[in-house]
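In: whatever this is, show me its structure:
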Amino acid sequence: MNRILIAEDEERIASFVQKGLRANGFTTVVAEDGDLALGHALTGGFDLMVLDIGLPGRDGFTVLRELREARVTLPVIVLTARDSVRDTVAGLEGGADDWMTKPFRFEELLARVRLRQRTAARAPEVTMLRSGSLALDLRTRRARAEDRTVDLTAREFVLLEMFLRHPGQVLSREQILSHVWGYDFDPGSNIVDVYVRSLRRKLGAERLETVRGMGYRLP
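Out: Okay, here's the model as predicted:
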């Protein structure tokens, strides 16, 4: 667990948390509003999220609810100025793994992040992803479609893994670009469409659905 998403709109707090986590060996990305935070979290490219509740756009409660409705199990530590019992209970029952109130000490936040890290390390390792007759071996990096073994390029593997980790969920081109190619990749590129066509040729055209105006989905 090394890649952490920080959903925080106050620049001073976001910078403080980011610097502290990076100094302790974590890779971090900051999302300044709830819409951006949800988009990043849905890519599957993070191991944990530190989530503020009072975000512009979607608030933290909405981000959390939509993540859990999408069956995303990303661990979430809420870091917020809201300290009422009602809010705390709503957050924890809504799917948050932990709740911290501001002002806070970074040492305590780091300890809670490391606790989530240890908990994740004890979980059994997933080595095979499946959806119907389609399977992806995470060790050999090969796919099986029906009874065929399919060799994949490095990008095709990451793209197929993303679809298999989010079955039934529409993934936008922007989400796929940021996860597979990086956040600074040209958003006007058609590279996503090229690789989806490549996967269809290898796995079968019916494997990936086009949702017009939205993106692609593994049915």
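
In: mind listing what's buried in the helix ranked longest in the chain?
Out: Counting by DSSP state H, the longest helix found in the chain is helix 106-122. Residues 109-110, 112-113, 116-117 are the ones in helix 106-122 that count as buried (16 or more other C-beta atoms under 10 Å). Every C-beta, even on glycine, is put in place using the N, C-alpha and C of the backbone.

In: using a markdown table, lay out these together with pLDDT and distance to Gly25.
Out: Shown next, in a markdown table, are these (pLDDT from 0 to 100; distance: C-beta to C-beta, whole Å):
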| residue | pLDDT | distance to Gly25 |
| --- | --- | --- |
| Leu109 | 95 | 15 |
| Leu110 | 94 | 11 |
| Arg112 | 93 | 16 |
| Val113 | 94 | 11 |
| Arg116 | 87 | 15 |
| Gln117 | 83 | 10 |
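
In: what's the helix or strand for Thr210?
Out: Using DSSP states H and E, Thr210 maps to strand 209-211.

In: now for that strand, which elements pack on it?
Out: For strand 209-211, the elements it packs on are strand 215-217, judged by 3 or more C-beta pairs under 8 Å, 6 or more residues apart in numbering; DSSP states H and E.

In: centre of the chain to the strand holding Thr210, how far?
Out: 21 Å (C-alpha atoms, centre = their mean, to the nearest Å).

In: quick one: the helices in the protein, in order.
Out: Using DSSP H, the helices of the chain run over 11-23, 34-42, 60-69, 85-93, 106-122, 154-165, 173-176, 191-203.

In: tell me the gap between the fourth one and the middle of its chain.
Out: Right, helix 85-93. 23 Å.

In: export that helix as CSV, just CAs?
Out: Once non-C-alpha atoms are left out, helix 85-93 reads as follows in CSV (Å, rounded to 0.1, in the frame of the first residue of the first chain):
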residue,chain,number,x,y,z
VAL,A,85,-21.3,11.9,16.7
ARG,A,86,-24.0,11.9,14.0
ASP,A,87,-21.5,12.7,11.2
THR,A,88,-19.0,10.2,12.5
VAL,A,89,-21.6,7.4,12.6
ALA,A,90,-22.9,8.3,9.1
GLY,A,91,-19.4,8.2,7.7
LEU,A,92,-18.4,4.9,9.3
GLU,A,93,-21.8,3.3,8.4
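
In: please list all residues in contact with the residue of the chain positioned farthest from its centre.
Out: Most distant from the centre of the chain: Asp147, at 30.7 Å, with distances by C-alpha atoms, centre = their mean. Contact partners of Asp147, counting by C-beta atoms under 8 Å, 6 or more residues apart in numbering, are absent.

In: what sits against Asp52?
Out: 7-10, 13, 60, 78-80.

In: and those, which of them are buried?
Out: Neighbour counting by 16+ other C-beta under 10 Å classes 7-9, 13, 60, 78-80 among the contacts of Asp52 as buried.

In: of these, which is the nearest to Asn190?
Out: When the buried ones among the contacts of Asp52 are ranked by distance to Asn190 (C-beta to C-beta), Ala7 comes first, at 29.9 Å.

In: still on that earlier bit, so what touches the longest helix of the chain?
Out: 1, 4, 16-17, 20-21, 24, 26, 47-48, 50, 75, 77, 79, 97-98, 100.
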